[in-house]
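# sharing a sequence plus its predicted fold:
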Amino acid sequence: MTVVVTGSIATDYLMSFPGRFADQFVDGQLDKISLSFLVEDLEIRRGGVAANIAFGLGCLGERPLLVGAVGSDFAEYRSWLERHGVDTSGVHVSELRHTSRFQCTTDRDMNQIASFYAGAMTEAREIELAGVLDGLDTPDIVLVGANDPAAMVRHSQECRDRGYPFAADFSQQVAFMEGPDLRALVEGATYLFTNAYERSLLEQKTGWSSAELLARVGTAVATQGEKGVLVERAGEPVLAVAAGNPRAVVEPTGVGDAFRAGFLAGISWRLGDERAAQVGCVLATLVLETVGPQEYTFDAADFLARITDAYGPAAAADVAPHLGG
C-alpha cells in the first residue's frame, strides 16, 4: 500500500507546568486573560503532524512518502526520517523561511496550551501532488493532515479530481477554518480522523449532523483519549476499541499522530478497522511514555507483547506477520 502523508513538519518546544491550567483562570475575567506559567523544563524535539505520522509508519515497516514544506534548516531532520523508513523526496525546501515551530505547555492533568509558527509551511500550497507523484505508483491513500489551510484545500480537491483516495485529518486547524473550507476537506474522504472535540466543532461549523457527516465519508475515526477510539460507518453499528495499556504517562504530544500511523499501517496490512485501531492505540502508548512524538524506540517483540496484553493473543497473531521479526 502506497501511503502519502501531507501536512506540517516542525520542531517542537515542549514544556511542563506542574500545576493545573484550570486553577489559573478567574471567573468573570475570561475576556481579559494575561497569564504566565513558570514551567519546569524544556524539551526540543522533532515534530509536525505529517512527519510524526510518517515516522510511525516507517517504524512499522512501511515506506510512506512525506509531502510538506520546510526551511533550509531541515537537513539533519531529513536524515533522521530517511533512517526511519520515510521517503522525503516530496518535501519542498523554502528559500526564505525557517521550518515551522510548535510551542506547547502541558499541565499535570495532561491539558495543553500551544502556539504554532507556520514559517515555511505557508509554501505548502504551492505543492502539486501529481508533480510529487510523477513516476510513482498511484497512491492507495493520501492523508491530508494539518497544514497551511490553502494547501489542505488544494490537496483535497486534487485527490478528488485525480481519483486518489484520501483521509481528512485537519487536527487543530478545525478551530481556524470556516464551514465552507471544512466541508470541502471532508466531502468524499475515505477516512475522517478527529478527536472528540474536533468532531463536535466540525459538526458545529459545517452545520452537518452526525448522520449527514457520515453520509459524506467512508469511515469516521474519532479518538477519545483514555476511553479509546470510535469507528463509524453510515448504517453500521459503532465500533468501540479500548485504549492501549501505557506503562507510564509522561507527555501526550504526538499521541494522536502515532494512532493515525498505526491505523493506516493496519489498513495497509488489510487487517480491518478493529485491528487497525488496535495497532494505532498500542503505537500511541509508546509516544505517551516518552517526551517528544518521535523519541520512542520500536521493537517488534515488545510491540506484540503490548498488543497481547491489551487485546489478546488473537490480535497479536494477526499483526505478527506484518512486523518482520
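Ah, there it is.
# tell me the contacts of residue 141?
Counting by CB atoms under 8 Å, 6 or more residues apart in numbering, residue 141 makes contact with 1, 2, 3, 4, 164, 165, 166, 167, 190, 191, 264, 267. Bear in mind the C-beta positions are built from the backbone N, C-alpha and C, glycine included.
# what do you get for residue 318?
271, 275.
# and what about it, helix, strand or coil?
Assigned with DSSP: H, G, I helix; E, B strand; the rest coil, residue 318 falls in the helix class.
# now do the strands for the stretch 201-325 of the chain: every range, in order, please.
For the stretch 201-325 of the chain, strands defined by DSSP state E, counting those that start in this stretch occupy the ranges 219-223, 229-232, 239-241.
# want to throw those strands into CSV with mean pLDDT?
Converted to CSV, the strands of the stretch 201-325 of the chain look like this (pLDDT from 0 to 100):
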stretch, mean pLDDT
strand 219-223, 97
strand 229-232, 98
strand 239-241, 98
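# out of those strands, deepest packed?
strand 219-223 (a mean of 23; mean count of other CB atoms under 10 Å).
# pull up the pairing partners for that strand, direction included.
Sheet partners assigned to strand 219-223 using DSSP bridges are listed as strand 191-195 (parallel), strand 229-232 (antiparallel).
# and residue 88, that one's in a strand?
Yes. Per three-state DSSP, residue 88 lies within a strand segment.
# gap between it and residue 145?
15 Å (CB to CB, to the nearest Å).
# with neighbour numbers in mind, choose between those two.
residue 145 (30 against 21; other CB atoms under 10 Å).
# which residues touch the more buried one?
By CB under 8 Å, 6+ apart, the neighbours of residue 145 are 5, 6, 7, 8, 49, 50, 53, 152, 169, 170, 171.
# could those residues be laid out in JSON lines, adding distance to residue 124?
Putting the contacts of residue 145 into JSON lines (distance: CB to CB, whole Å) gives the following:
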{"residue": "5", "distance to residue 124": "12"}
{"residue": "6", "distance to residue 124": "8"}
{"residue": "7", "distance to residue 124": "8"}
{"residue": "8", "distance to residue 124": "8"}
{"residue": "49", "distance to residue 124": "12"}
{"residue": "50", "distance to residue 124": "9"}
{"residue": "53", "distance to residue 124": "15"}
{"residue": "152", "distance to residue 124": "8"}
{"residue": "169", "distance to residue 124": "15"}
{"residue": "170", "distance to residue 124": "13"}
{"residue": "171", "distance to residue 124": "14"}
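# adding distance to residue 82, write the strands of the stretch 201-325 of the chain out as CSV.
Shown next, in CSV, are the strands of the stretch 201-325 of the chain (distance: least, CB to CB, whole Å):
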stretch, distance to residue 82
strand 219-223, 29
strand 229-232, 30
strand 239-241, 32
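# dump the strands paired with strand 219-223 to a markdown table, plus distance to residue 100.
Formatted as a markdown table, those follow (distance: least, CB to CB, whole Å):
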| stretch | distance to residue 100 |
| --- | --- |
| strand 191-195 | 20 |
| strand 229-232 | 27 |
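# what sits against residue 215?
Here residue 215 is in contact with residue 234 (CB under 8 Å, 6+ apart).
# check it and give its pLDDT.
In this prediction, residue 215 carries a pLDDT score of 95.
# for residue 157, see how far away it is.
20 Å.
# buried members of the contacts of residue 141 into ChimeraX, please.
Typed into ChimeraX, the line below selects the buried ones among the contacts of residue 141, using 16 or more other CB atoms under 10 Å:
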select :1,2,3,4,164,166,167,190,191,264,267
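# okay, the contacts of residue 141 in CSV with pLDDT next?
Converted to CSV, the contacts of residue 141 look like this (pLDDT from 0 to 100):
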residue, pLDDT
1, 64
2, 84
3, 94
4, 97
164, 96
165, 96
166, 97
167, 98
190, 97
191, 98
264, 97
267, 95
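# what's the closest of the contacts of residue 141 to residue 231?
residue 191 (9.6 Å; CB to CB).
# now do the contacts for the residue lying closest to that closest one once chain neighbours are set aside.
Distance criterion CB to CB, 6 or more residues apart in numbering; nearest residue to residue 191, sequence neighbours excluded, is residue 167 at 3.9 Å. Residue 167 sits next to 141, 142, 143, 144, 189, 190, 191, 192, 193, 264 when contact means CB under 8 Å, 6+ apart.
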